[in-house]
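A.B. asks: Next come a sequence and a model predicted from it.
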Amino acid sequence: MKTWLLLLGCLLAFASSAQSSRREVWQWKDANGVTHFSDYPAPGARRIILNGSPSSTAASSAAAAARTPARPAATEVVYDRLEIWSPESGASFFEADAVVSIRLRAEPELGPTHRLLTYLDGKLLPGENATEHSLTNVDRGVHSVTSVIVNRDGRELIRSEPVVFHIRQPSLPNPQSQGPAVRPPQPMPMPRPPAAPRGG
């Protein structure tokens, strides 16, 4: 007898849960074309049967979201090389042609959130992320160029080897050896014949 009562209780519980999971919703549009939903029918409404309680729907949505793989975070670019390939280290420039072209390259290319900075003698050159610079009116002497790539936080990712170049004073030739100051060679004076001996 108790077994039958237990089975009957289980069947009633199952039926009530099935009824609670099956819900009816009515949908209709008003004169303005706005769509409405209600638990009670309205004139011209269409019945929609929903299976599953709201809590079970929310739980299934959460489970689906958990199954969806998370989008991997963007990986930071790792650089193999940053080099200044022009000018050559040790190059010399003279005042007549003292336009120094700085050219550099990075492998791989610069990342979207990274900055490329170039320094001349420790001073930042204008033109962030520029791979070419033209230097003019550089003082005579020895100069050094180096470049770095930093991330958005300013952390250095890679640094190039420094390139050293020279700005030299052009040597001027001796003005006495050319131009109007040069005198034509003068003829050598003819030696005088020896004087005739006196006496006699």
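C.D. replies: Cool, got the structure.

A.B. asks: So Arg81 sits against Pro108, correct?
C.D. replies: No: with contact defined as CB atoms under 8 Å, Arg81 does not count as touching Pro108 (9.2 Å). Every residue, glycine included, has its C-beta placed from N, CA and C.

A.B. asks: longest strand of the protein?
C.D. replies: The single longest strand within the chain, with elements called by DSSP state E, is strand 141-150.

A.B. asks: Run through the residues that contact Gly127.
C.D. replies: Neighbouring residues of Gly127 by CB atoms under 8 Å, 6 or more residues apart in numbering: 118, 133.

A.B. asks: Make 363 the first number, not 1, from now on.
C.D. replies: Got it, the first residue is 363 from now on, which makes the last one we talked about Gly489.

A.B. asks: Can you verify it is assigned to a helix?
C.D. replies: No: secondary structure of Gly489 (DSSP: H, G, I helix; E, B strand; the rest coil): coil, not part of a helix.

A.B. asks: Val461 and Ser496: what is the separation?
C.D. replies: 6 Å (CB to CB, to the nearest Å).

A.B. asks: circling back to that earlier point, tell me the first helix or strand C-terminal of the longest strand of the chain.
C.D. replies: strand 518-521 (DSSP states H and E).

A.B. asks: still on that earlier bit, mind listing what's buried along the longest strand of the chain?
C.D. replies: Residues of strand 503-512 classed as buried under the neighbour-count rule (16 or more other CB atoms under 10 Å) are 505, 507-509, 511.

A.B. asks: Just the closest of the residues you listed to Glu523, please.
C.D. replies: Thr508 (7.6 Å; CB to CB).

A.B. asks: these two touch, right, that closest one and Ile520?
C.D. replies: No: between Thr508 and Ile520 there is no contact under CB under 8 Å: 11.3 Å.

A.B. asks: Would you mind checking which helix or strand in this protein has the lowest mean pLDDT?
C.D. replies: helix 416-429 (a mean of 52; mean pLDDT, DSSP states H and E).

A.B. asks: Show the pLDDT at Ile411.
C.D. replies: Listed pLDDT for Ile411 reads 73.
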